[in-house]
Structure formats: structure tokens, C-alpha cells
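1. this one's structure only:
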């Protein structure tokens with residue numbers, strides 16, 4: 001907690017550890033299913049019945065828990081009295097804990113190895129958090145803390161501090177000073193609020209032994225100062241000693257900052273650290289699998305059997321499988337292999353073993369859409385079998401997979417007739433009948449493309465116009481909170497590549513022009529993504545980030561800032577500039593910042609001087625592509641980023657493609 005010579009306090013660098021704490025919170029934000037009640041019950045059982053005995057058995061090891069157990073471990077430590085009581089009852093000592101980064105958690109193998117040795121053929125070390133277990137049987141925890149309520153409280157806290165400036169050095173150093181000042185005053189309210197103090201306090205509690213030692217020191221210092229002010233301390237030397245340690249306790253490794261005036265009764269406003277509203281989920285990954293099924297897939301196919309009839313005996317054939325687009329005449333060869341006919345009927349099976357790797361291919365539905373099967377009859381002379389001459393060619397083509405989403409391991413048969421291509425040979429053998437059996441291997445998901453429907457845009461008016469604002473994530477203009485504030489709105493339908501309606505979008509703007517929002521709902525009216533403009537709040541505040549381009553504030557009429565929201569957390573900020581001198585409806589410039597990045601910076605998506613028609617934002621394992629000409633967006637089906645990219649894409653389409661909605 002600072003540089004000390006001897007004795008208390010501890011040497012925990014809370015500024016560095018707070019950044020790790022922030023990263024852990026972001027991991028939870030990007031895994032919203034971890035908060036499902038059934039997941040919480042399972043995690044509590046795993047923590048109490050397996051992890052605590054495991055940690056007791058390996059007290060000298062530094063153990064890194066899987067994410068679901070780590071969540072329960074963290075909320076348990078945030079009740080220091082209960083945690084100490086339970087640890088001494090189980091292990092007769094405080095169980096060691098430190099905050100680790102995501103990279104350290106992902107790369108650690110030691111804890112898993114020890115776990116598997118202890119629980120052979122029993123409880124797995126990792127569980128699939130995204131697969132919600134069936135409702136578990138009632139379980140009564142024997143621990144001193146009510147862990148289910150603790151998880152709910154911690155989740156609400158996570159939302160309050162999930163802003164980019166909570167990992168800024170200057171902000172955290174100021175938070176550390178005010179936290180220590182509040183702790184030295186002995187006033188719990190000054191330690192737990194505003195949230196920058198609470199953030200440092202909870203980070204401190206995640207080091208149980210150090211927190212126990214430091215808390216004892218802080219209490220002694222507070223009592224000594226109180227007695228000194230009352231004139232009840234006889235030893236002046238002891239007072240000076242405690243005050244000297246207190247000064248050392250507050251010293252920072254990065255230099256000291258002037259302490260702000262102490263606030264009382266929570267009246268001091270600290271920008272970026274005040275209460276931001278209650279936690280209300282949109283929907284955690286609502287209908288995601290259904291979205292993926294409606295999108296286009298890349299199928300890994302394997303030929304398991306081929307049957308052909310009406311073949312000439314003792315002939316060499318080559319079976320060819322091509323992929324092609326409906327608008328292109330060019331064929332792309334996916335698979336071809338030679339077969340030899342021994343009679344009128346040829347039946348060949350494949351075992352899908354390692355030797356049969358040549359009979360597998362990949363079909364990209366988004367790229368091709370049409371599967372072509374062709375059979376070429378080769379004629380070879382006796383002098384050279386290396387240079388075959390094409391004699392007859394039979395082929396057919398059809399759409400695939402005809403809107404049906406094949407599952408992993410599913411087998412299916414395609415029956416076909418192969419008409420002869422050459423007109424000169426039709427009298428000899430007009431067609432060949434046959435079928436091919438395929439098996440789908442593990443499908444690798446491809447891109448998903450959505451476009452605004454061609455329905456006539458309908459502009460309507462309303463009073464209470466924004467569902468998102470019922471749960472504000474940031475401060476917004478007061479006018480947006482009143483029920484009789486007039487606004488205009490528009491409903492749009494988004495369709496997938498198969499032409500099926502996928503989402504319903506509602507675009508709103510207040511008559512005063514000080515608020516806009518985009519709400520994306522599935523066809524069960526569950527909101528899956530949204531964006532909306534911020535008010536007069538700076539994210540992050542100007543005195544927390546040095547570079548002025550990082551400052552996000554609605555400064556004047558020609559600038560709008562959208563908060564992009566996915567499931568239950570804010571993900572990005574979209575800054576839109578409008579040219580007030582021009583009569584153009586489209587923006588003059590668009591910047592985007594992903595606030596989940598470690599070092600968030602602005603990315604320029606659009607500049608009217610460049611006259612681009614395609615906007616692109618690179619994301620993990622893919623990216624968002626916005627086509628301004630046909631008003632469509634293309635997304636990778638990422639489990640943790642899909643709703644966010646969808647909200648960003650729809651917002652950009654709204655800004656550029658909805659001409660009737662002039663105020664945007």
C-alpha cells in the first residue's frame with residue numbers, strides 16, 4: 001500500500017492491483033451468463049465443497065481459480081469478518097489470494113493439475129459457463145456469508161465501475177489517497193462512497209492477510225489521533241510514531257497528489273465516480289443460437305458413400321464437386337477424385353479415416369450458395385495414362401443447403417440426375433442417376449449479414465419514447481426522463497441473408513434534438529442491443545485523461561456521442577460530427593472507441609473527404625462491415641461481441657441510410 005520501512009502497513013500496490021481488478025470485472029462483463037441463478041448455485045457448491053478443501057490441502061501453493069469459482073471467492077472475501085471466520089474453521093488460517101490477469105489465468109496449469117490429482121474422475125476443474133445447468137437441488141451453504149446476495153451486490157458494483165477511467169493511473173492515485181484519508185478518519189461512509197473509494201477498498205479486501213494487517217494499523221492510527229485530540233495520550237513519542245507511519249502509509253510510488261477537501265454525508269461530487277442507476281439486464285445473449293442458425297455457415301463436409309448407375313464398364317471417371325455463386329459463371333473446385341466402373345452400377349463407401357482425408361471439403365454458404373456435381377468420363381490410350389482426354393461430361397447444380405442448418409455429425413443424402421453436357425452424345429447416353437451421402441463435421445461459423453427491410457419507413461410520434469432510458473448507464477439530459485417529452489421514432493425490419501426477418505429496430509430522437517437512441521429487439525420483443533446519446537457528462541473526465549481527443553462530451557450542436565451497449569455493460573463510444581454549414585444529412589465524420597480495450601483510443605470510421613462506401617471496424621476474430629450502398633451489415637458470430645457489434649452496425653446504418661429521419 002506504500003513504501004514502508006518497518007512494521008505496518010503492507011506493501012500492496014493498490015494502483016496496480018486495481019487495474020487487475022478492473023480487468024477481472026471486464027471478464028465478468030463479457031461473460032454475463034455467469035450471473036444466471038443456476039450458474040451461481042453451481043459455483044457456490046464448487047467453491048464450498050471443492051475449492052476450499054482443495055486450497056486447504058495446498059496452502060503453500062499459489063492457486064489460480066477458474067472464473068466461476070473466482071467470482072464466489074471474491075464476494076466471500078468482500079465480507080472480511082465472515083471470510084476470516086470461515087477460513088479459520090476450515091484451514092486454521094487465512095487462505096491466500098491475489099488478483100491475477102486474464103493471461104495468467106488462461107496460462108496457468110498448476111492448479112488444474114493438482115485439482116485433477118485430488119478429484120480423480122470427479123468434479124472437473126473447468127465448467128462451460130455458457131451452458132446453463134438445469135435447476136440444481138436446494139443447497140444450504142454452511143459459510144458465514146450469504147453468497148447469493150453478495151454476488152448480486154457485487155454485480156451492481158461492477159456496473160458502477162465499468163468505465164474506462166477506472167484504469168487510469170491519475171484517477172486511481174487520487175482514489176487511493178481519498179480512500180486512505182477516509183479510512184484514517186474512521187468514517188465508513190467516506191471509505192465506501194463515492195465509487196472510486198469503494199473500488200480501492202474492495203481491491204484492498206482481495207488481499208485478505210494484507211487487509212487484515214492494514215485495517216488493524218488504520219484503526220490504531222485513528223484511535224491514537226482521536227485520543228491525541230482529546231488530550232488523553234500521555235506519550236507524545238507514541239503519537240509522533242503513529243503519525244509518521246500514517247504519513248508513510250499515504251506515500252505513493254508515482255509521486256504524491258494534493259488531497260481534495262474531505263466530503264461529508266456523500267455531498268462531495270466526484271465526476272465519474274457517482275451512482276449511475278440500477279442494474280437491469282437487456283438480455284444476456286438472448287436468442288444468440290437462433291441468430292447463428294439464421295445466418296450463413298461454413299460446413300465441413302465429408303463424402304461417406306457414392307452410388308452411380310448407367311455407367312459404362314471398365315471406364316475411368318472423375319467426380320467433381322464445385323461451389324459457385326448465383327451471379328457468377330465461375331466454378332470453384334471443392335473436391336474431385338477418380339473412380340473406376342466395373343459394371344453398370346458403381347457403389348463406393350468411405351470410412352472417414354485419416355486415409356480418407358482427400359474426400360473432405362468445406363462449403364461456404366455465404367460465398368457460394370450453389371453446389372454443382374459433375375462427372376467426367378476419361379478416355380486414356382494404352383501408351384499414356386497420364387494425359388486423359390475428356391470424352392463425356394455430365395453435371396447438375398442445385399442450391400445448398402436450401403435453408404436447412406445441418407448439425408455436427410448429421411448425415412444426409414443428395415439424389416441427382418446428371419444430364420450429359422455435350423449435345424453430340426445425347427443419343428448415346430442422355431443421363432446418369434446416382435446419389436452421394438455426406439456427413440457434416442464440426443461446423444465452423446461464418447459471417448452473418450443483415451440488411452434493412454425494403455418496407456416503407458414510417459415516422460411516428462410519441463411522448464414516453466425510450467425504453468433504454470429506464471435504465472440509464474450514464475447521465476442523460478433531464479428532458480429524456482420526463483414522460484411528456486415529445487419525440488419521433490421509426491420502426492425498421494432487419495433481414496438475414498435468407499430474407500427472413502431477424503430483428504426489429506426502433507430509432508428515436510427527441511423533438512429538441514438533445515437525445516437519440518437505437519433499440520434492437522428480436523421478434524419476441526427482447527432487447528438484445530442498443531445505443532443512445534450521452535448528456536453533459538464527460539467520459540472519461542477531462543482532468544483524468546491528458547489527451548483531449550479522449551474526452552467524450554456533448555460540447556455543441558455539431559457533435560453527438562453514442563454509448564454502444566450490448567448485453568449488460570457499455571462497450572463503446574461513437575462520436576459523430578455533423579457539418580452545420582452543409583445541407584447534407586449524413587455525418588461529416590465518425591470516430592469510435594472500444595472502452596473495453598486496455599488502452600482505448602479513437603478509430604476513425606468515416607471522413608466525408610474520403611467518400612468511402614464501406615465502413616469497417618476490426619474486432620477480435622473478425623470485424624464489422626457496414627455497406628452504405630446497400631444498407632447492410634456483416635458480422636462475425638462472436639459469443640461475447642455479437643450484440644455490441646450489432647448495436648454499432650445498426651447505429652451506423654441509422655446515421656447514413658435512414659434519409660427520412662433527418663434529425664439524425
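-> Here it is on my side, so go on. Because the structure is a prediction, the values reported are computed rather than measured. Numbering: from 1, shown residues only.
2. Where does the prediction get shaky in the stretch 201-350 of the chain?
-> Counting by pLDDT under 70, the low-confidence segments of the stretch 201-350 of the chain come to 222-297, 326-329.
3. make it 90
-> For the stretch 201-350 of the chain, applying pLDDT under 90 flags the ranges 209-304, 309-320, 322-350.
4. show me where the stretch 551-664 of the chain has strands.
-> Along the stretch 551-664 of the chain, the segments classed as strands by DSSP state E, counting those that start in this stretch run 559-565, 570-577, 589-594, 603-607, 614-619, 622-627, 632-635.
5. Looking at those strands, which is nearest to residue 418?
-> When the strands of the stretch 551-664 of the chain are compared by C-beta to C-beta, strand 632-635 sits nearest residue 418, at 35.2 Å. No exception for glycine: its C-beta is placed from N, CA and C like everyone else's.
6. mind listing what the closest one pairs with, with the direction of each?
-> Strand 632-635 has these partner strands in its sheet, going by DSSP bridges: strand 448-452 (antiparallel), strand 622-627 (antiparallel).
7. So which of these is nearest residue 153?
-> Of all these, strand 622-627 comes closest under C-beta to C-beta, at 34.7 Å.
8. what residues does that closest one touch?
-> Residues outside strand 622-627 that contact it (C-beta atoms under 8 Å, 6 or more residues apart in numbering) are 447, 613-617, 632-636, 638, 645, 648-649, 652-653, 656.
9. switch the cut-off to 7 Å
-> 614-617, 633-636, 638, 645, 648-649, 652-653 (C-beta atoms under 7 Å, 6 or more residues apart in numbering).
10. Give the rounded mean pLDDT of it.
-> Mean per-residue pLDDT for strand 622-627: 81.
11. Check stretch 67-86 too.
-> Computed over stretch 67-86, the average pLDDT equals 94.
12. That stretch spans what distance, first to last residue?
-> Taking C-alpha to C-alpha, to the nearest Å, stretch 67-86 runs 21 Å from one end to the other.
13. Which positions within that stretch qualify as buried?
-> 67-80, 82-84, 86 (16 or more other C-beta atoms under 10 Å).
14. Tabulate the strands of the stretch 551-664 of the chain in CSV, adding columns for mean neighbour count.
-> Formatted as CSV, the strands of the stretch 551-664 of the chain follow (neighbours: other C-beta atoms under 10 Å):
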stretch, mean neighbour count
strand 559-565, 23
strand 570-577, 22
strand 589-594, 21
strand 603-607, 17
strand 614-619, 14
strand 622-627, 19
strand 632-635, 22
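15. would you turn the strands paired with strand 632-635 into CSV with distance to residue 193?
-> Listed next are the strands paired with strand 632-635 as CSV, based on distance: least, C-beta to C-beta, whole Å:
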stretch, distance to residue 193
strand 448-452, 43
strand 622-627, 38
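16. Out of those strands, which gets nearest to residue 562?
-> Smallest distance to residue 562 across these (C-beta to C-beta): 14.3 Å, for strand 622-627.
17. can I assume residue 313 is in contact with residue 346?
-> No. Using C-beta atoms under 7 Å, residue 313 makes no contact with residue 346, being 9.7 Å away.
18. Between those two, which has more neighbouring residues?
-> Neighbour totals were compared for residue 313 and residue 346, and residue 346 leads with 21 against 10 (other C-beta atoms under 10 Å).
19. Identify the bridge partners of the more buried one.
-> Beta-bridge partners, per DSSP bridges, of residue 346: residue 308.
20. that older thread, and the buried residues of stretch 67-86, which of them are in strands?
-> In this view, the buried residues of stretch 67-86 have no member that belongs to strands under DSSP state E.
21. From those, which land in helices?
-> Using DSSP state H, 67-77, 80, 82-84, 86 are the members of those that sit in helices.
22. Closest one to residue 154 out of those residues, please.
-> residue 75 (4.9 Å).
23. With adjacent residues omitted, what lies nearest to that closest one?
-> In this structure, residue 75 finds its nearest non-sequential neighbour in residue 150, 3.9 Å apart by C-beta to C-beta, 6 or more residues apart in numbering.
24. sorry, back to before: CSV please, covering the strands of the stretch 551-664 of the chain and showing distance to residue 299.
-> What follows is the strands of the stretch 551-664 of the chain, written out as CSV (distance: least, C-beta to C-beta, whole Å):
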stretch, distance to residue 299
strand 559-565, 32
strand 570-577, 31
strand 589-594, 32
strand 603-607, 33
strand 614-619, 24
strand 622-627, 18
strand 632-635, 19
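25. Tell me which of these approaches residue 317 most closely.
-> Taking C-beta to C-beta, strand 632-635 is the member of those nearest to residue 317, at 39.5 Å.
26. looking at this, residue 374 is in a strand?
-> Yes. Counting by DSSP: H, G, I helix; E, B strand; the rest coil, one finds residue 374 located in a strand.
27. residue contacts, it?
-> Taking C-beta under 7 Å, 6+ apart as the test, what residue 374 contacts is 320, 322, 393-395.
28. Kindly recompute the last result at 10 Å.
-> Contacts for residue 374 (C-beta atoms under 10 Å, 6 or more residues apart in numbering) come out as 318-322, 331, 333, 336, 393-397, 418, 421.
29. Now restrict those to buried residues only.
-> 318-322, 331, 393-396, 418.
30. Present these as a markdown table; the columns should include distance to residue 29 and secondary structure.
-> A markdown table is the format used below for those (distance: C-beta to C-beta, whole Å; DSSP: H, G, I helix; E, B strand; the rest coil):
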| residue | distance to residue 29 | secondary structure |
| --- | --- | --- |
| 318 | 54 | strand |
| 319 | 51 | strand |
| 320 | 49 | strand |
| 321 | 44 | strand |
| 322 | 45 | strand |
| 331 | 46 | coil |
| 393 | 57 | strand |
| 394 | 57 | strand |
| 395 | 52 | strand |
| 396 | 51 | strand |
| 418 | 55 | strand |
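31. Closest one to residue 43 out of those, please.
-> residue 321 (47.5 Å).
32. The closest one and residue 360, how far apart?
-> 11 Å (C-beta to C-beta, to the nearest Å).
33. how long is stretch 183-195 from one end to the other?
-> Terminal residues of stretch 183-195 lie 14 Å apart, using C-alpha to C-alpha.
34. Outline the domain layout of the chain.
-> Domain assignment for the chain by the TED database gives 14-131+140-231, 296-379+390-440, 448-663.
35. now, among the contacts of residue 374, which is nearest to residue 299?
-> Once C-beta to C-beta is applied, the member of the contacts of residue 374 that ends up nearest residue 299 is residue 321, at 12.2 Å.
36. residues touching that closest one, list them.
-> 301, 303, 331, 333-337, 359, 361, 363, 371-374, 436, 438.
37. In strands, which of these appear?
-> The strands in this structure, assigned by DSSP E, contain 301, 303, 333-337, 361, 363, 371-374, 436, 438 from the contacts of residue 321.
38. Quick one: neighbours of residue 175, just the number.
-> Neighbour number of residue 175 under other C-beta under 10 Å is 27.
39. Next, work out how far apart it and residue 20 are.
-> Taken as C-beta to C-beta, the span from residue 175 to residue 20 is 15 Å.
40. follow-up on the earlier one: can I get the buried part of the ones in strands among the contacts of residue 321 as one ChimeraX selection?
-> Buried members of those, defined by 16+ other C-beta under 10 Å, are picked up in ChimeraX with:
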select :301,303,334,335,361,363,371,372,373,374,436,438
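41. Out of the ones in strands among the contacts of residue 321, the closest to residue 156 would be?
-> Residue 156 lies nearest to residue 363 out of the ones in strands among the contacts of residue 321, by C-beta to C-beta, at 46.8 Å.
42. and the closest residue to that closest one other than its chain neighbours, what helix or strand is that in?
-> Distance criterion C-beta to C-beta, 6+ apart; nearest residue to residue 363, sequence neighbours excluded, is residue 299 at 4.7 Å. Under the criterion of DSSP states H and E, residue 299 resides in strand 297-308.
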